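Colleague: sequence-free structure coming up:
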């Protein structure tokens, strides 16, 4: 496991799993939200986002969490592992609300400076309106992955915990 792609809809636990997996494996963690947003919640241009994502994809080792489905083909081509967090909508909505309350007015580590956590009806609307289309993107990847890609379709908190527990700590991984 050298290049890990973590996808899932908002609130599925992508950032949390990426951090935990990074600690466990020693792989560097990259967050798509740091590419998507500039300070002040200003969205970067499509070309800028693609160029920044390409820089990450071309590195030898990474855990890259987040969606930006336009970059999936390149990311899939470079990744050796894909983890799809396919968590129920009710739990994702609860997690987003909980995280908003916990971090309100603060900048989370997976967001750029100048992007404090805030309540956003627009974001909840996005979660609701993309609940089916976002899931279809994950289904496309896991239903017919390329031969080089190990795919993990995790659908519950328990499955995520079992998966993480199955990964040896970096200190116990033997060099190839």
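Modeller: Perfect, thanks for sending it. None of the values given here were measured: they were computed from a predicted structure. Numbering: from 1, shown residues only.
Colleague: ok, now how distant is the most centrally placed residue in the chain from residue 14?
Modeller: When the chain is reduced to its mean C-alpha position, the closest residue under C-alpha atoms, centre = their mean turns out to be residue 65, at 2.6 Å. Computed as C-beta to C-beta, to the nearest Å, the residue 65 to residue 14 distance reads 4 Å. Using the backbone N, CA and C atoms, a C-beta is placed for each residue, glycine as well.
Colleague: now do residue 158
Modeller: Taking C-beta to C-beta as the criterion, residue 158 is separated from residue 14 by 17 Å.
Colleague: beta-bridge partners for the residue nearest to the centre of the chain, please?
Modeller: The bridge-partner assignment for residue 65, based on DSSP bridges, gives residue 6, residue 31.
Colleague: out of residue 158 and residue 14, which sits in the more crowded spot?
Modeller: residue 14 (26 against 9; other C-beta atoms under 10 Å).
Colleague: correct me if wrong: that one contacts residue 4.
Modeller: No - distance between residue 14 and residue 4: 11.1 Å, which falls outside the contact criterion (C-beta atoms under 8 Å).
Colleague: who's in contact with stretch 48-56?
Modeller: Residues outside stretch 48-56 that contact it (C-beta atoms under 8 Å, 6 or more residues apart in numbering) are 30, 32, 35, 36, 44, 62, 64, 68, 70, 71, 74, 75.
Colleague: now the closest residue to the third one other than its chain neighbours: how far from residue 150?
Modeller: Excluding its sequence neighbours, the residue lying closest to residue 35 (C-beta to C-beta, 6 or more residues apart in numbering) is residue 52, at 4.5 Å. In this structure, residue 52 lies at 25 Å from residue 150, with C-beta to C-beta as the measure.
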